[in-house]
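[1] sequence first, then the predicted structure:
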Amino acid sequence: MNEQYIYFEQIYCLITAGKAIDDATFLSELDEIYKVKDGVVDPSEELLSKFLRNGYWNFEDNEFKPALNQLLEYAEKGEFLDLLSYLNAGVYLIGFQEILGESKDAITQKLKSGITKTLGTVKTTTAANIQLDMISGNFQEENLKSLITYIKEQLKLKEADDKIEEVKRMEHLFINNLSEFVKELLPESSNIRTPDALLFDKIKIEIIDQAIALWKPNQIMELTSLFQIRYIDPSFADRLTDEIPFLKALKQNLENFKDEQKPLSLHLIKTQLIPKVEMSIAKLSSF
């Protein structure tokens with residue numbers, strides 16, 4: 001319930017990795033932190049704020065139980081905008097369970113129901129786990145501690161699902177929009193080099209043929225430049241050795257590719273991309 005820390009993903013990445021702040025993403029983070037939805041404060045968060053910031057003792061006697069009931073309804077329906085709001089709401093819902101006429105276990109189950117619904121609408125980020133670690137010591141009641149454990153478990157499951165969906169999204173770009181694919185993998189800063197996350201070890205080798213057939217000459221050169229930056233220039237390529245099998249499969253598919261209707265693409269594949277793939281494999285194999 002104590003809000004000593006406010007975590008901003010964009011600022012964290014700027015400080016730790018030198019990544020430039022994306023204005024649109026940062027504004028979105030501000031809206032999320034301050035519970036703004038479509039330009040107005042979300043009703044569920046506005047009510048929770050009356051407990052958190054105004055002080056629950058400022059309710060009138062005839063307002064308090066209806067406010068608790070409304071807070072529980074918001075929680076059960078999954079209407080809070082972030083996971084920490086469920087813990088903050090839980091402090092009051094469980095703390096005043098006798099006024100509500102609900103058992104602590106029943107309230108906890110309703111909170112879990114809402115958490116599950118909210119998890120379906122949010123994307124897992126570093127922020128969620130960092131925030132939980134920051135504030136977990138503030139929640140000592142057993143039911144609230146069990147909620148923290150539940151959130152962490154569910155975040156792990158969702159993170160695994162999100163990673164699968166992200167790979168599928170990148171595979172789609174690799175086939176249908178190689179320029180955007182390359183753009184997403186390029187370092188955000190040319191001054192500060194940070195490790196690249198593994199990706200090609202997860203992309204299906206079976207899609208390579210389909211992708212090559214759709215690539216345009218300029219995209220082939222963009223991919224060639226990416227490999228130079230990702231593997232050959234001074235970097236953290238030693239962390240990417242698991243991508244060797246994909247690169248070997250790519251090289252084989254490139255060598256086998258024949259389409260007389262694409263003479264320029266064939267030329268660039270032979271003279272630019274294949275040599276760069278070979279150099280990348282050699283660099284990774286040296287580690």
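    That came in fine, so what should we check first?
[2] any regions of this structure where pLDDT drops low?
    1-10, 12-20, 23-39, 124-130, 190 (pLDDT under 70).
[3] mind giving me the domain ranges of it?
    9-163, 177-285 (automatic domain parsing).
[4] can I get the ones you listed in CSV with mean neighbour count?
    No exception for glycine: its C-beta is placed from N, CA and C like everyone else's. As requested, those are exported to CSV (neighbours: other Cβ atoms under 10 Å):
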stretch, mean neighbour count
domain 9-163, 16
domain 177-285, 16
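[5] include distance to Glu171 when you put these into TSV, please.
    As requested, the domains of the chain are exported to TSV (distance: least, Cβ to Cβ, whole Å):
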stretch	distance to Glu171
domain 9-163	13
domain 177-285	6
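[6] between these, which gets nearest to Met170?
    domain 177-285 (6.4 Å; Cβ to Cβ).
[7] by contact count, what packs against whichever helix in the chain runs longest?
    In the chain, taking DSSP state H as the definition, the longest helix is helix 142-176. Secondary-structure packing of helix 142-176 (3 or more Cβ pairs under 8 Å, 6 or more residues apart in numbering; DSSP states H and E): helix 84-95, helix 104-119, helix 126-135, helix 178-185, helix 208-214.
[8] next one: the next helix or strand along the chain from the last one to chain centre, how far?
    Next along the chain after helix 208-214, taking DSSP states H and E as the criterion, comes helix 217-227. Between the centre of helix 217-227 and the centre of its chain there are 27 Å (Cα atoms, centre = their mean, to the nearest Å).
[9] okay, the angle between helix 217-227 and helix 178-185?
    Our comparison of helix 217-227 with helix 178-185, counting by axes from the mean of the first three to the mean of the last three Cα atoms, to 10 degrees, yields an angle of 20 degrees.
[10] what is helix 217-227 packed up against?
    Helix 217-227 packs on helix 178-185, helix 263-268, helix 274-285, going by 3+ Cβ pairs under 8 Å, 6+ apart.
[11] what angle separates the first one from helix 142-176?
    It refers to helix 178-185. 140 degrees.
[12] list the contacts of Lys248.
    By Cβ atoms under 8 Å, 6 or more residues apart in numbering, the residues touching Lys248 are Ile281.
[13] how close does it sit to Glu153?
    38 Å (Cβ to Cβ, to the nearest Å).
[14] now swap in Lys262 and tell me
    50 Å.
[15] go ahead and confirm Ile212 touches Leu254.
    Yes. Ile212 lies in contact with Leu254 (Cβ atoms under 8 Å); the separation is 6.6 Å.
[16] spit out the residues that contact the two alike.
    By Cβ under 8 Å, 6+ apart, Ile212 and Leu254 have these common neighbours: Ile269.
[17] which one of the helices and strands packed on helix 217-227 lies closest to Leu226?
    Closest approach to Leu226 among those (Cβ to Cβ): helix 178-185, 4.8 Å.
[18] show me what that closest one is packed up against.
    Packing partners of helix 178-185 (3+ Cβ pairs under 8 Å, 6+ apart): helix 142-176, helix 217-227.
[19] adding distance to Ser285, write those out as JSON lines.
    JSON lines is the format used below for the helices and strands packed on helix 178-185 (distance: least, Cβ to Cβ, whole Å):
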{"stretch": "helix 142-176", "distance to Ser285": "23"}
{"stretch": "helix 217-227", "distance to Ser285": "14"}
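[20] no further queries at this time; thank you.
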